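> Sequence plus predicted model, see below.
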Amino acid sequence: MSSEIAVRVQNLSKYYQIYDRPPDRLKQSIYPRLQRLVGALPKQYYREFWALNDVSFEIKKGETVGIIGRNGSGKSTLLQMICGTLNPTSGSIETHGRIAALLELGSGFNPEFTGRENIYMNGALLGLSREELDERFEDIVAFADIGEFIEQTVKIYSSGMFVRLAFAIQANVDPEILIVDEALAVGDAYFVHRCMLRFNELQKSGTTILFVSHDANAVRNLCSRAIWLLDGSIKNEGSSAKVVDAYLSYLFGRQIVQMDSAADMVTKTEVVNQETPSTQGLETEIPNIDRRLGDQRCKIVGVGLYDESMNRISSSLNDKVVTLRLTIQNHSLDSNTALAVGYIFRNAKGQEIASTNSQIEKQIINPIADGSYLTIRIKVTLPCLHPGSYAFTVTAGYIGQGEKIMLSDRIENAIAFDMVADKPVHVMMNFPTTIEVEA
């Protein structure tokens, strides 16, 4: 195995025999043998269910890879085989490094043992000596934060206490490969924050992480890559942002539009807006389209970013007001249908920092005639963010039944720009703060 590869999966498959009735299982164990003895073609009394089918991928050391898919897509089966708790039907798995896994709730725990005893048992299974576990014991107990229950049998633990202790063990034994399967969803808010801090520390230390979650934003924000499993096969693989967008598009039936931005430039001049004469006109360019979602009945045809003097910009200082200016066209909506626009603001890691829309801001956008255009300004006061690259995703839609916004067009990362700080910002952002010394 290459020294850069932590996990290599090649042509991995796993199938189960599904019996419609209990007697069929007995028939399968007896009849095929008898049929072979008399020279007859053996009959099969079960259906084959392929939980995984010819799956191949590689994960480099230090990568954080998310695995997404609906229930029954094969995610847990895949992780169990990587951990070695389940044997494949065919294919091979290579791993390089100590694996710590947080799979099913309570897996690896003996319910008759105390929390203390389970710590030592799990640590031994991970290859740690008694002395190494003695050194880590207080850190594990402090991380789990379950108090005197550490001396009680785990069969009386709540689901939250199970997860606390299990993650505390796995995250504090210095794993080279950490596998987490949805378990963190059980923890309370404080514990989740504690887990995320430890998660980031493990990432910085070079731990390879496989993360399974139904929280698409968590996969987008925490993982550099993602693998989408569908019916036991890899449907898509690549950057977490693009794979998650494709998965959500599939899940919610959103149309993904592939387009040539040059071909979609606006050539008409008619516009329905209320802008001042000095800035009248249409936005006719979309600087970037990573992905486009929606039915395009209400379509974004151009977007630009401006400073307070309405000069187009590609960078901005913190604490400044910027204007997103976008032009939309009514393609096939009823001329009585009210419209809605909004944005999502992300950093270079794909983390969603802020979002809003015209409905949240209580701004009514009146209907426009079919084929007409409307230019809208969205003014945003930027907070004091860490210097770097940021992007606006822009959205357009219409108000449906029950005042629900129906997505019609969404352009991922339509506007990217650089943020510059005039004072040090060491973490994600700096709040407006006043510090006073009392007399």
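That came through fine. Numbers count the residues shown, from 1 in each chain.

> residue ranges with poor pLDDT in the stretch 51-200 of the chain?
104-107, 182-190, 193 (pLDDT under 70).

> Which stretches in it count as helices?
75-83, 115-125, 130-144, 159-171, 189-204 (DSSP state H, counting those that start in this stretch).

> Using TSV, please lay out these together with distance to residue 354 and mean neighbour count.
In this view, the C-beta of every residue, glycine as well, is placed from N, C-alpha and C. Formatted as TSV, the helices of the stretch 51-200 of the chain follow (distance: least, Cβ to Cβ, whole Å; neighbours: other Cβ atoms under 10 Å):
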stretch	distance to residue 354	mean neighbour count
helix 75-83	30	22
helix 115-125	40	19
helix 130-144	31	15
helix 159-171	29	23
helix 189-204	19	15
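
> In a markdown table: those helices, plus distance to residue 227.
Below are the helices of the stretch 51-200 of the chain laid out as a markdown table (distance: least, Cβ to Cβ, whole Å):
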| stretch | distance to residue 227 |
| --- | --- |
| helix 75-83 | 9 |
| helix 115-125 | 27 |
| helix 130-144 | 29 |
| helix 159-171 | 21 |
| helix 189-204 | 18 |
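
> Out of those, which is closest to residue 63?
helix 189-204 (9.3 Å; Cβ to Cβ).

> Give me the helices and strands touching that closest one, please.
Where contact means 3 or more Cβ pairs under 8 Å, 6 or more residues apart in numbering; DSSP states H and E, helix 189-204 is packed against helix 159-171, strand 208-212.

> Other residues contacting the helix or strand following the shortest one?
The one in question is strand 208-212. Using DSSP states H and E, the helix or strand that follows strand 208-212 towards the C-terminus is helix 216-222. Identification of contacts with helix 216-222 by Cβ atoms under 8 Å, 6 or more residues apart in numbering yields 64, 66, 68, 199, 211, 213, 226, 240-241, 244, 247-248, 349-352.

> Could you identify which of those has the most neighbours?
residue 68 (30 neighbours; other Cβ atoms under 10 Å).

> Hmm, that one is touching residue 243, no?
Yes: at 7.1 Å, residue 68 and residue 243 qualify as touching, with contact defined as Cβ atoms under 8 Å.

> Can you check the pLDDT for residue 273?
In the prediction, the pLDDT value recorded for residue 273 is 39.

> show me the biggest strand of the chain in terms of residues.
If you go by DSSP state E, the chain has its longest strand at strand 405-420.

> Quick check: next helix or strand after it?
strand 429-430.

> residue ranges of the strands in the stretch 201-350 of the chain, please?
With DSSP state E, counting those that start in this stretch, the ranges of strands along the stretch 201-350 of the chain come out as 208-212, 225-230, 233-239, 292-293, 298-306, 315-317, 321-330, 339-347.

> before we move on, the earlier item: can I get the helices and strands packed on helix 189-204 in TSV with distance to residue 33?
Listed next are these as TSV, based on distance: least, Cβ to Cβ, whole Å:
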stretch	distance to residue 33
helix 159-171	44
strand 208-212	40
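
> for the ones you listed, which one sits closest to residue 140?
helix 159-171 (4.8 Å).

> Go ahead and flag the most central residue of the protein.
For the chain, the residue nearest the mean C-alpha position is residue 219 (2.2 Å; Cα atoms, centre = their mean).

> Just the C-alphas of stretch 51-62, formatted as PDB.
The C-alpha trace of stretch 51-62 is given here as PDB (Å, rounded to 0.1, in the frame of the first residue of the first chain):
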ATOM      1  CA  ALA A  51     -26.000  -4.200   0.400                       C
ATOM      2  CA  LEU A  52     -22.800  -3.200  -1.400                       C
ATOM      3  CA  ASN A  53     -22.000  -3.800  -5.100                       C
ATOM      4  CA  ASP A  54     -18.500  -3.300  -6.600                       C
ATOM      5  CA  VAL A  55     -17.500  -0.300  -4.500                       C
ATOM      6  CA  SER A  56     -13.900   1.100  -4.900                       C
ATOM      7  CA  PHE A  57     -12.200   4.200  -3.500                       C
ATOM      8  CA  GLU A  58      -9.100   5.400  -1.700                       C
ATOM      9  CA  ILE A  59      -8.700   7.700   1.300                       C
ATOM     10  CA  LYS A  60      -5.400   9.500   1.800                       C
ATOM     11  CA  LYS A  61      -3.900   9.900   5.300                       C
ATOM     12  CA  GLY A  62      -5.200  13.000   7.000                       C
END
